[in-house]
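>>> Provided below are the primary sequence and the corresponding predicted coordinates.
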Amino acid sequence: MKHLIQNLFLSIVLIINFACKQASPVSNDQSTHQKQIQSDPLPSWNEGPAKGAIMDFVETVTKEGSPGFVPVKDRIATFDNDGNLWSERPLYFQLAFAIDRIKVMADQHPEWITKQPFKGVLEDDMDEVLKTGMHGLMELIMASHAGMTNEEFDTIVSNWLSTAKHPRFNQPYNKLIYQPMLELLDYLRANDFQTFIVSGGGIDFMRTWATEAYNIPSYQIVGSSIKTSFEYNDGEAVIRRLPEIDFVDDNAGKPVGIHKHIGKKPIFASGNSDGDLQMLQYADSNEYPSFMLYLHHTDNEREWAYDRDSHIGRLDKGLDEAKEKGWMIIDMKNDWKTIYPFQMNNH
């Protein structure tokens, strides 16, 4: 059942393509934290192998005249999003939106009361929803994500994000971004890296809120997509979302997406699951020095602990390959002083 759930949830994430504009920038009002940044670019990281290796790598590739020097134009860093830049439990946040959206639309569809998988959603019975298989979950996605313009969809998701709260932390979903990774992104950019998101999530979904949250421009965000069409009526030009898959940016699709959108191999790649393995392998094949980074979720108290047997963000083959090849593995519990920006007031 776990593998079934993993495959079904992953397939949902691969075709969801929605937008949300209510992302809140990281608070900058902690004066003590800002003073730390001046002397330590990664203040939310504990001193240890992971932090040290990252800083050593950056120094090596940015030092002119060193054997490992990498020209600025080739300093490409790619980051997975779900489970790597923000949390992904108890279920992918995009799926949480789809479920909530079906409930909102239910009054317009009385037939859903007796029709699966909608009946299961309305009764909060995910076991019944999953019994409908991929066909049923596709029905949920197309009912909640297609058939409207991007502008209309943007408004829908923005309204959801402004009110929806994470069930465990009671925070808006876009508050559950990782403070240490925000610092890492800033550190790389300060050393002339171009930072890209390369995720199985929807490209338009991320391009709207992630730009503000991570300070990554929309043209440096790569993701999965559904097909769209251009419409022009009486001077009004819109992009309409169609109920068909266009591109899957996960697993082997990630190197393809990188080639398609970026055109260069990354020298720095970061992920948290087996779905990111091929992206890290792609970076590892670079002729320049490269750094492969896996985030291992080991902190069940402040976030979650999961890896090989997880139905979300499974890290099994990737964990073995990382250990075999000497890639860096972040131990969330031991390597990070804090997880989320809103927890910084506790330090």
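That came through fine.
>>> hey, which helix or strand in the protein has the poorest pLDDT?
The helix or strand of the chain with the poorest confidence is helix 2-15; it has a mean of 48 (mean pLDDT, DSSP states H and E).
>>> any idea which element the residue lying closest to Leu277 once chain neighbours are set aside lies in?
In this structure, Leu277 finds its nearest non-sequential neighbour in Gly318, 4.4 Å apart by CB to CB, 6 or more residues apart in numbering. All C-beta spots, glycine's among them, are computed from the backbone N, C-alpha and C. According to DSSP states H and E, Gly318 maps onto helix 317-325.
>>> okay, strands next: where are they in the stretch 201-347 of the chain?
221-233, 236-247, 268-271, 291-298, 305-306, 328-331 (DSSP state E, counting those that start in this stretch).
>>> will you turn these into CSV that also has mean neighbour count and distance to Trp45?
Formatted as CSV, the strands of the stretch 201-347 of the chain follow (neighbours: other CB atoms under 10 Å; distance: least, CB to CB, whole Å):
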stretch, mean neighbour count, distance to Trp45
strand 221-233, 17, 25
strand 236-247, 14, 34
strand 268-271, 29, 14
strand 291-298, 24, 12
strand 305-306, 18, 19
strand 328-331, 20, 9
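>>> these: which one's closest to Asp186?
Smallest distance to Asp186 across those (CB to CB): 13.8 Å, for strand 268-271.
>>> helices or strands up against that closest one?
Identification of packing neighbours for strand 268-271 by 3 or more CB pairs under 8 Å, 6 or more residues apart in numbering; DSSP states H and E yields strand 76-79, helix 179-190, helix 277-284, strand 291-298.
>>> which residues are in contact with the first one?
Just to be clear, that refers to strand 76-79. With CB atoms under 8 Å, 6 or more residues apart in numbering as the test, strand 76-79 has contacts from 85, 181, 185, 188, 193-198, 222, 254, 258, 262, 264-271, 279, 283.
>>> other SSEs contacting whichever helix or strand comes after it?
As assigned by DSSP H and E, the chain's next helix or strand after strand 76-79 is helix 93-105. For helix 93-105, the packing partners by 3+ CB pairs under 8 Å, 6+ apart come out as helix 2-15, helix 118-122, helix 133-145, helix 150-163.
>>> buried ones in helix 93-105?
93-99, 101-102 (16 or more other CB atoms under 10 Å).
>>> centre of the chain to it, how far?
A distance of 18 Å separates the centroid of the chain from that of helix 93-105, by CA atoms, centre = their mean, to the nearest Å.
>>> in the stretch 201-347 of the chain, where is pLDDT below threshold?
Along the stretch 201-347 of the chain, segments meeting pLDDT under 70 span 345-347.
>>> what about 50?
Where the stretch 201-347 of the chain drops to pLDDT under 50, the residues are 347.
>>> what of the stretch 1-150 of the chain?
Looking at the stretch 1-150 of the chain by pLDDT under 50, you get 1-6, 9-10, 13-37.
>>> okay, which residue is most central for this structure?
Asn81 (1.7 Å; CA atoms, centre = their mean).
>>> where's Glu303 relative to Met105, distance?
Distance, Glu303 to Met105, using CB to CB, to the nearest Å: 32 Å.
>>> follow-up on the earlier one: tell me which of the strands of the stretch 201-347 of the chain lies nearest to Leu137.
Closest among these, once you apply CB to CB, is strand 236-247, at 12.8 Å.
>>> the nearest residue to Ser66 once chain neighbours are set aside: neighbour count?
Nearest-residue entry for Ser66: Thr60, 6.0 Å, with adjacent residues in sequence omitted and distances by CB to CB, 6+ apart. Here the number of neighbours of Thr60 (other CB atoms under 10 Å) works out to 15.
>>> pretty sure Thr60 contacts Pro289?
Yes. Using CB atoms under 8 Å, Thr60 is in contact with Pro289, at 6.4 Å.
>>> who's in contact with the residue sitting furthest away from the middle of the chain?
For the chain, the largest distance from the centre (CA atoms, centre = their mean) belongs to Asp234, which lies 37.9 Å off. By CB under 8 Å, 6+ apart, the contact list for Asp234 is empty.
>>> sorry, back to before: of the strands of the stretch 201-347 of the chain, which is nearest Asn159?
For Asn159, the closest of the strands of the stretch 201-347 of the chain is strand 236-247, at 17.0 Å, according to CB to CB.
>>> got the contact list for the closest one?
Contacts for strand 236-247 (CB under 8 Å, 6+ apart): 14-15, 17, 142, 145-151, 153, 224-231, 253, 257.
>>> quick one on the thing from earlier: any idea how far the residue farthest from the centre of the chain is from Glu151?
16 Å.
>>> do Lys265 as well
35 Å.
>>> what is the burial count for Asn170?
The burial count for Asn170: 8, using other CB under 10 Å.
>>> can you check the one 4 residues further on too?
The burial metric for Asn174, expressed as a neighbour count using other CB under 10 Å, is 21.
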